[in-house]
Structures are given as C-alpha cells and as structure tokens.
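1. turn this into a structure:
(2 chains)
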2 protein chains.
Amino acid sequence: MTTDGTETAGAGTYERFENRVERIRNVGNAAGILRWDQEVVMPEAGTPARAKQLSTLSSIGHELLTAEETGALLEALEGADLEDGKRAVVRELRREYDRATSVPQQLVEEISETTSNAHPRWKAARAEDDFETFAPTLEKLVDLKREYADHVDPDADPYAVLFAEYEPYIDLEAAATILAELREELVPLIEAISESEADLETDAFSGEFDADTQEAVCRDVLDELGYDWDRGRLDTAPHPFSSGTQFDARVTTRFDESDLLGSITSTIHEFGHANYTIGLPDEGYGTPLGEARDLSVHESQSRLWENHVGRSRPFWERFLPAIHDRFPATESVTPGDAYESANQVYEDNLVRVEADELTYHLHIVIRFEIERDLIRGDLEVREVPEVWNDKYEQYLGIRPETDAEGCLQDIHWSHGSFGYFPTYSLGSVLAAQLFAAVENEVGDLEERIREGEFDDLNGWLRENVHRHGKRYTTPELIEEATGEAVTAEYFLEYVAEKYGELYDLEKY
Amino acid sequence: MTTDGTETAGAGTYERFENRVERIRNVGNAAGILRWDQEVVMPEAGTPARAKQLSTLSSIGHELLTAEETGALLEALEGADLEDGKRAVVRELRREYDRATSVPQQLVEEISETTSNAHPRWKAARAEDDFETFAPTLEKLVDLKREYADHVDPDADPYAVLFAEYEPYIDLEAAATILAELREELVPLIEAISESEADLETDAFSGEFDADTQEAVCRDVLDELGYDWDRGRLDTAPHPFSSGTQFDARVTTRFDESDLLGSITSTIHEFGHANYTIGLPDEGYGTPLGEARDLSVHESQSRLWENHVGRSRPFWERFLPAIHDRFPATESVTPGDAYESANQVYEDNLVRVEADELTYHLHIVIRFEIERDLIRGDLEVREVPEVWNDKYEQYLGIRPETDAEGCLQDIHWSHGSFGYFPTYSLGSVLAAQLFAAVENEVGDLEERIREGEFDDLNGWLRENVHRHGKRYTTPELIEEATGEAVTAEYFLEYVAEKYGELYDLEKY
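-> So this is what the prediction gives:
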C-alpha cells in the first residue's frame, strides 16, 4: 500500500489478493464440513458448541471479506491488465465485497437473529396450522429483507436484488419470462393429463424395502453412474443434500421402507450436484475458478441426472436387474412399469417436495409470484393464505384446505430466503437445454444410457460446464456450452413429448 | 485502549478478553472436527484441500492469539482484581501468548515444513530399516526444537522447555524423579516375572472374531461403563483416538479379527479420555475452565479406566457373559482366564505400542533418557541406535536386531515431539494415585465393578477432576483431589501387588 492507503497493482498484488481469497474460502469450506458433520454424524448434544463454532467461522470469513485491505486490492486489480481467469476472480469477489460492505453489520445480525427465532415459530405454526402466529414474524422478515435490498442497491427493484443473491447473472426479467412461459404451457398440459384416460402403472416401487438393502441399491446406482468414490461418500441425512469441494464431494440420501423410488431418485439428484463439484478444476481450489456457478446451474446438474437420465425409459431397462437382484420380490416389475411409476403426474398433490417433474413448476410459479409481490409491497402478509389458495385453484385446479398444506409448507421464507424458489425451475430449464445440446453434439443418448455408458454425457458436461467453475457468468456459460441464450424451449419440448406419449395426449 | 495503546481494566475488559479467547477456541475446535473427519470419514482424495483448510485455521488461531490486542488485554487483567476462575483463564492464556509470541513465525514455519517432510522420510526409513536416511532429518529437528526452546526461555534447560509444551506445570525434575523410580522398581520386578514359573492363561482372546460383532461388544462395554451417547459416538480409525468437547466427545477403535482383547481395551482407554472431556463443565466451553488439564491428567483418565477397571478381575467377572453372548465360541473362557490373558507380561516384546501395563514404562524411560540427552546436546543423533539397543538390553534384557523394531518404531520424533513420552508414564502414575484416593474416600471398588456400578467412581472423578477444567494447575489439582503431591508410590504398590499375585512372586 502507498502511504495514503491506496494500492496500485504491482508485482505480487494478485498473489496477495489470491491468498486472501483462498483464506476466505478455506474458512468457508471448513464451515461446510462442520455443517455436514452436524447433519450426518454429530451427536445430539453437540448443537450449542457447533452453533458457536459456525458463528465464529462465519464472522471471521465476513471480516476477511470486508476488510479494507480487500477493497484496496480489488481497486488496484480492477485497473490492472489481468488475464481472463484472474479477471473473473476479481469480478466475483467484487460482487461479494460490495454486497457484504453495503449492508450494515447491525442489520445482518438482526436478520440472523430474526431468522433463528423464525424457524421454531414457523415449525410451530405449521404444526398447529395457524398462520396468524407466524404472520408477524414473516412481516418482519419481509421488512428486513427489503431494507437489506435497499442497502445493496437503493435504485433497483428490491426483489431483483434478493433474487441476485442466489442467481447473480440471470436478470430477473429473463427469469420472470421463463416462469411465465412455464405457467402458460404447463397449466393446459397438466389439465390434459388429468383428463387423460391413460392407465399408468403406479405401484412398481411400493412394498417393503429394508433400509440396508436400499442403501446397497443406492450404492449400485452411484457405481452405475460413475460416482468417484475416492472423492466422495454416501450417508443418510434427514434432508438429503450434497456438499464439499472438488476433492471431497459427498452425497446423502434417506430411506422410506415402504417406497423404493424416493431413495434412488434422491441419490441420483445429489449425485448430479456432487458430480458437478467433483468436475471443478483441482487447480482452482480456493478461488471462484474452482467453484460451481450459482444455484440454477447447480440445480441443472442434479435435475439432468435425476430426470433426463434417472427417469428415462432406457435407464430402467439398464438398472432394473440390479433391483431384482437386491429385492427378489420385485421380479415381476418390468422396465415399462418402472418408467411409468417413476413418471406419474400427481395432479392432486398440494406439496412441492412431493411433486412430480411437471406440476413442480407450478408450485414454484406460485411461490415466485407471491414472494415477489410481498417484497415489492404489492401484497400484504395477511393476504398470503388466500392468494396462495386462489393460485393453487387457478393453476392446478386444487385448493388447500389448511395453511399447513398451503402457504406454511416450505422452510424458505422462515430462513429469510426470498428469491430462492425460481432457481429450482431455472435448473430444470437449463438441464433440458444442456441435455439437448449434448445430444445435438454427441448424438442420441438413449442407447448409451441403456448400455450404462455415461462417459460421453459426463465428458461433455466436464468439458463445457464443470471445468469452467465461475470463469463465465451464467448466461455466458450457457451460451458457450449450447450456442444459445437461456431458454425454456427445450424443457417445454421435452415434457410435451415425454408426457404426451405417457398419457396418450393427442395434442402433444 | 488509551491513546498510547495500553489498556487498563475497566468495565467489559474481561468480557472482551473472554470473547477473544472463545473465538480462538472455536477456531481450534473447528479444526478438531476437521481432523476427526480426516481420520474417520474423509474420502482418500480429500487430503490436499483438508491440509489447506487446517493450515488456514491454524494461522488464524495463531494470529488471534498473538495479536497486540491479546497482549494488551492480558496486561490490563493481570493488574485487575479478578475472581479465581477468571484469574485461571488469564494465567493459561498468558502462557500460550508468551510461547506463541516468543518464537519467530519463520521458525514456526520451518519446523512445520520440516516435520511435514520428516514424516514420509521416517516411514520410508522404518520400512527399509535404514536409520542413516532418517538421521539428517532427525538432526535438523533436534536443532530446530533446541532453537525453539531457546526463544521461549534462553536461560532454561531446553528439554524442560519442550516438556512443558505437553506438561506445563509438573516440573521436569519431579517427572525425572518419578521416571527414575519406575526404572528402579520395575526392572527387578520384570526380571522376577521372567524367572517366574507361573503358568498364566494367555489364549482367552485368540480366535476368529469378526469386526461387526467386535463392534457390538465395544458398544456393550461403552454402555456398561456409562458412556453418554448423546454426547458421543463410536467409529473406527487406523490409530484409535478420542477428540471433541464436553458437548461432543467421540471415541474410535479398531478391530483385529484374530484378537478380541485389543479392540476392547482400546475402546475403554478412549472412553476414559472422552468421559473426562464430557465431564468438563458446559458453562466453561470456549475457555480453559471448560478444557481438560494437560496430557498427563488426560492420560490418567484413560489409564484409570483401561487398567484399574478394564484389566481388573471383577470387571471380567462382570463383562464376560456379554462376550459369551456375542461370541458363543468363547463359552469355555472363565473370568480368571480373561483376567490372566488381559494382564500377561510380554517381557520379550520390543515394541512400545504392544507392551503390557508394566514393561510399557521401561519403553518410556528409554525414550525419555535418549530424547533428553539429544536436546541437551549430550548425545549425537548418530549414536541413538546403539544407545537405544544398549538400554533395551540393560532395562529389559532384550536387544533389538533392527532399528525398525528399535529406535525407528515411534512416530513422535518425526513430528518434532520431544518431551511428549514422559506424559504417558505420568498418566499411569496419576491414574493409580487417583484410584487409590477414590477407594480411600468411597471404599473398596471391587464389588462395585463386579456389579457394573460405576456411579461412585465416576461421580468422584467428575467432582474432583473433571469439573475443574484448567482452574488449577496439575500439581494443585492432584493435591486438591488426593491430598498429596504427585507420587509414584501408588502405582508401584498397585503393580507389585497385582503382578506379585499373578506371577506368584515371593518378594512381592
């Protein structure tokens, strides 16, 4: 630094910056291990100490990020002539730095405290089906998050600011257009399905399936897909997730002994996340070049594997014998039965996490429209239950009878996470777009899936998505990989074809 | 702080100090979880990223400890009127601060780098039985650690300074006296044993014991001793250890399918460590008041449970039926057989980690005498193999034929750990002294062990040792608990009686 505290980029400036970034990332990755431990192996009484450890790591990470030195290094490097990779690292840290420094620490703490308290209140309100008791907390969270957005950018739409926390580079208008398209197309498609007289097999995965053998099946499926066990492991957790780094990306699942499908699709979903993480370049560890692009792209990887591979007909032709081996009672199930059971549409289902690949997106559209209006001040918290129920009736033709199975069902808002939901649908959209691009480039994948041959698919993903880390913004990454801007076209084509055939729909 | 940077103790000074200490401890405890994870569950490829995460946490902890602010707070509080507990926290942090600030960072890094490189060299030298290839590294480590000691206290015996890293409050002369007493008494006792014609049962635990059932036995034993499963768990690790905090103190063990005793005694040993940790006061978490006293006291807890309980005759009377249940092939083994097999003396054994409760201490005495002379400059590294072998001949009547089973067998010196070995023997000495104090106070424990009734024993340990954390120094703690200074008397009585009876020794 010069004597007035400003920094000009000289020899070693980037290296000092990179050291700082690596430090921040090592602290964050350590916290990731502590959270994995908490969900998977920590004994029950460990919570108070764990909360303190995580809080310390989080505040150390925050201090390292927001230190004056970080700002000085960023400024110096923004005026310097850097190669593309380094420029991308500076770009990503600038975003993080600006967000972290623009919001007063006191507000951050107030949000953190409010969400901590909100969680048990939300749980109790849901248990007692009593929206009223949660409403004041939700109002406070909406206010606080609006205030947060105002600090980040007083001139911007506050919902757009919050959405950008989760998806910084796809702009909200583009996302909103995609969600509107999904609504336009899926509402009539689901209507047609509920009127269809097609008689799908739905029971292929019902029965008695002990957890230990299910675990063996899940290990089979990870072997089949090519999970790199040297860099990962499989465990159980109450809410399945994947976490880690390219050196160590772990998968969790859970078992319902009366249903075999859930643990398999959940394992494949988390495999998609972990496989993306493992594909990030080793040499990028500790900087954004070795980190996954944002939530939509991450979700595109989990959904591509879960839906385009794991719910495909050739996959069940390939994998069913392994299930027959493990659970001889399933021997009469055919690949066709399995395919139909894995793809049935639950048009009467009110619960997002139990939704199928199709109705899922209407659950998202409803949440998106409501949270956007809440944050923009176009909707009052007390109106939420009615608006929620009306939208369910309008889009899905069903109406929740309680708020517990209505607007109280998700944890997200109690976390203060407004703007998160759309990334789920964007993930499906990107999954279809990427899958179409792979097929366009390497040829039809059906036969390869039937042969258990995933090298071409995964090789393409490694080459065109994984290895880039955060080098490109999301729109650049998708454009580079597929030659097109982000579009819902491929997803809509995919579901029209798949469900048109499954449900014998004339128009599709 | 005042304008000249000094601090006087005002309102909130102690609180600020405590916050800083808690931060340092949270970082250290997070690192502890990362190390547990690495030993127990981390996939193989995770090492490079884990090394970076641990190195960042270690340097953040070091920076927090050695910051000027820490020094200023310590100074202010040393002049303040504090209650005993707070004074103990200040005393402990002063020690840590002085050590950490007196050694130049460059030397710390050189030691860290040298030990990192030393480990694979030691491993290779041991594998090839080639002391010559390890000698230059060992020389460098001896020099660096001598230099380290000189920075900490240029006027002190450098070996005493290093010993105090592991055992800060028992002075080296007291420890040396105890080790000399052990040598004096144990050499003739072991000689008498090797001349004894007593015919001990030695095969009670030989056979075929599958690992899964051994694990069930180890869980039985933890249940039996009263391990608090809400605050712990049992896993396997290549080198069994225990780690954690009072909220979460975990145990590991390992299984040899041809030997049932090893996994049980190792589980009981680690239980002793974990049970001490769990007994630390919850409200002390994050400061020395909630932390275990040093290595000798920790080892006293593991050895008390392993040897005084787990290798006692009444314990086998109590626990053998559980083994008969799990391994029906053992049904002909009697409690007497089990007791004898668990206590046979291996007078021909050359390897410390395979030693029995008695010869173990001569292994330690030999290492202590050699490392002390190395650090003091009274012995050259190239002389180590011969001196080692001579001492084995002199104290144990056996002579290693190779350095692999001689002076290359232990990992400690390759870690730069000189001064660690004596704490193992001090642990046994303290275990016997504490056990005698319990019996003196609550009465003979034999019957209670036979009934599986451990509340009196553990209650006494909780009350007199565990709950104090680091409130007292080790000598104070032992004096408070037993009414006497640290002494080898009880250990020597205990082994003379136990082995005199087992081996039919007239004199004992």
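2. what's the closest non-adjacent residue to the residue of the stretch 401-508 of chain A found nearest chain B?
-> Proximity of the stretch 401-508 of chain A to chain B (CB to the nearest CB) peaks at A:Gly469, 14.5 Å away. All C-beta atoms are positioned from the backbone trio N, CA, C, and that covers glycine. Nearest residue to A:Gly469, sequence neighbours excluded (CB to CB, 6 or more residues apart in numbering or on different chains): A:Leu289, at 4.4 Å.
3. contacting residues for the one you found?
-> A:85, A:88-89, A:281, A:469-471 (CB atoms under 8 Å, 6 or more residues apart in numbering or on different chains).
4. which parts of the stretch 101-250 of chain A are helices?
-> Counting by DSSP state H, counting those that start in this stretch, the stretch 101-250 of chain A has helices at residues A:105-127, A:131-152, A:158-166, A:172-195, A:211-225.
5. might one say that A:Glu18 is in contact with A:Gly85?
-> No - between A:Glu18 and A:Gly85 there is no contact under CB atoms under 8 Å: 10.7 Å.
6. dump the residue contacts of A:Asp373.
-> By CB under 8 Å, 6+ apart, A:Asp373 lies in contact with A:Leu379.
7. residue closest to the middle of chain A?
-> Centroid-nearest residue in chain A, with CA atoms, centre = their mean: A:Glu299, separated by 4.2 Å.
8. against A:Thr423, how distant is that one?
-> A:Glu299 sits 6 Å away from A:Thr423, taking CB to CB, to the nearest Å as the criterion.
9. how far away is the residue nearest to A:Gly469 from chain B?
-> Using CB to the nearest CB, to the nearest Å, one gets 14 Å for the distance from A:Leu289 to chain B.
10. next, count neighbours for the residue in the stretch 251-400 of chain A that chain B sits nearest to.
-> The stretch 251-400 of chain A approaches chain B most closely through A:Tyr285 (5.8 Å), counting by CB to the nearest CB. The number of residues packed near A:Tyr285 is 21, by other CB atoms under 10 Å in any protein chain shown.
11. got the buried residues for the lowest-mean-pLDDT helix or strand in chain A?
-> Least confident helix or strand, chain A: helix A:105-127 with a mean of 93, by mean pLDDT, DSSP states H and E. Along helix A:105-127, these residues count as buried under the neighbour rule (16 or more other CB atoms under 10 Å in any protein chain shown): A:108, A:111, A:114-115, A:118, A:122, A:125-126.
12. so which of these comes closest to chain B?
-> Nearest to chain B out of these is A:Val108 (CB to the nearest CB; 17.7 Å).
13. circling back to that earlier point, for the residue of the stretch 251-400 of chain A closest to chain B, what are phi and psi?
-> phi -50, psi 130 (degrees, to the nearest 10).
14. then A:Thr253?
-> phi -150, psi -180.
15. same check on A:Arg318?
-> Backbone torsions for A:Arg318, taken as degrees, to the nearest 10, come to phi -70, psi -50.
16. and if you look at A:Thr202?
-> Torsion angles, degrees, to the nearest 10, at A:Thr202: phi -120, psi 0.
17. now do the contacts for it.
-> Neighbouring residues of A:Thr202 by CB under 8 Å, 6+ apart: A:340-341, A:344.
18. turn those residues into JSON lines, including distance to chain B and secondary structure.
-> As requested, the contacts of A:Thr202 are exported to JSON lines (distance: CB to the nearest CB, whole Å; DSSP: H, G, I helix; E, B strand; the rest coil):
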{"residue": "A:Glu340", "distance to chain B": "37", "secondary structure": "helix"}
{"residue": "A:Ser341", "distance to chain B": "33", "secondary structure": "helix"}
{"residue": "A:Gln344", "distance to chain B": "36", "secondary structure": "coil"}
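19. make a markdown table out of the residues you listed and add pLDDT and neighbour count.
-> Formatted as a markdown table, those follow (pLDDT from 0 to 100; neighbours: other CB atoms under 10 Å in any protein chain shown):
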| residue | pLDDT | neighbour count |
| --- | --- | --- |
| A:Glu340 | 97 | 20 |
| A:Ser341 | 97 | 19 |
| A:Gln344 | 95 | 16 |
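20. which bits of chain A sit near chain B?
-> Residues of chain A that fall close to chain B, judged by CB under 8 Å from any CB of the partner chain: A:22-23, A:26-27, A:29-31, A:33-34, A:37, A:41-50, A:52-53, A:55-57, A:60, A:228-233, A:245-248, A:250, A:282, A:285-286.
21. let's see 7 Å
-> Chain A comes close to chain B at residues A:23, A:26-27, A:29-30, A:33-34, A:37, A:41-46, A:48-49, A:52-53, A:56-57, A:60, A:229-233, A:245, A:247-248, A:285-286, as judged by CB under 7 Å from any CB of the partner chain.
22. strands - which of these land there?
-> Among the residues of chain A next to chain B, the members found in strands (DSSP state E) are A:245, A:248.
23. for PyMOL, what selects the buried ones among the residues of chain A next to chain B?
-> PyMOL command restricting these to the buried ones, with burial defined by 16+ other CB under 10 Å:
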select buried, chain A and resi 23+26+27+29+30+33+34+37+41+42+43+45+46+49+52+53+56+57+60+231+232+233+245+247+248+285+286
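24. please consider this matter closed, and thank you.
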